[in-house]
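Participant: This is the structure alone, sequence omitted:
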């Protein structure tokens, strides 16, 4: 399966970033409730495993959290490759909101 990547720097401690990312699935569910389904997430140390469907396309991946950055690596089915840029852009936006200053 083709991969996609999003890497972001953050100003938080590793634990603060993990705490904020624990709301990743909830944030996607709230913002894209009519476009996203079957949201799942689980933690393994500092790695968040996630999965969801959008428009019937299954997307899954991991977000690794360090003291300075988060690195997302995801898998897309070949049928979704034409949406790779849009998917990366939306995920980057949501991660930036979660890891940025409180609103």
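Facilitator: Structure received. Predicted model, so just to flag it, every value in this text is computed and none were measured.

Participant: Next up, the contacts around the residue lying closest to residue 98 once chain neighbours are set aside.
Facilitator: Distances taken as C-beta to C-beta, 6 or more residues apart in numbering put residue 20 closest to residue 98, at 4.9 Å, once the chain neighbours are dropped. For every residue, glycine as well, the C-beta is placed using N, CA and C. Counting by C-beta atoms under 8 Å, 6 or more residues apart in numbering, residue 20 touches 12, 98-99.

Participant: Take those residues and lay them out in TSV including distance to residue 54 and neighbour count.
Facilitator: Shown next, in TSV, are the contacts of residue 20 (distance: C-beta to C-beta, whole Å; neighbours: other C-beta atoms under 10 Å):
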residue	distance to residue 54	neighbour count
12	27	19
98	18	20
99	22	19
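
Participant: Can you tell me which of those end up in helices?
Facilitator: Using DSSP state H, the members of the contacts of residue 20 that fall in helices are 98-99.

Participant: Nearest to residue 64 among the contacts of residue 20?
Facilitator: Nearest to residue 64 among those: residue 99, at 13.4 Å, using C-beta to C-beta.

Participant: rewinding a little: will you turn the contacts of residue 20 into a markdown table that also has pLDDT and distance to residue 46?
Facilitator: Converted to a markdown table, the contacts of residue 20 look like this (pLDDT from 0 to 100; distance: C-beta to C-beta, whole Å):
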| residue | pLDDT | distance to residue 46 |
| --- | --- | --- |
| 12 | 93 | 13 |
| 98 | 87 | 15 |
| 99 | 89 | 14 |
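
Participant: got the contacts of residue 20 as CSV, with distance to residue 63 columns?
Facilitator: Output for the contacts of residue 20, formatted as CSV (distance: C-beta to C-beta, whole Å):
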residue, distance to residue 63
12, 14
98, 10
99, 10
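
Participant: Closest one of the contacts of residue 20 to residue 30?
Facilitator: Nearest to residue 30 among the contacts of residue 20, with distances taken as C-beta to C-beta, is residue 98, at 11.7 Å.

Participant: Quick one: residues contacting the closest residue to residue 96 other than its chain neighbours.
Facilitator: The shortest distance from residue 96 to any non-neighbouring residue, by C-beta to C-beta, 6+ apart, is to residue 8 (6.4 Å). Residues near residue 8 by C-beta under 8 Å, 6+ apart: 69-70, 92, 95-96, 99.
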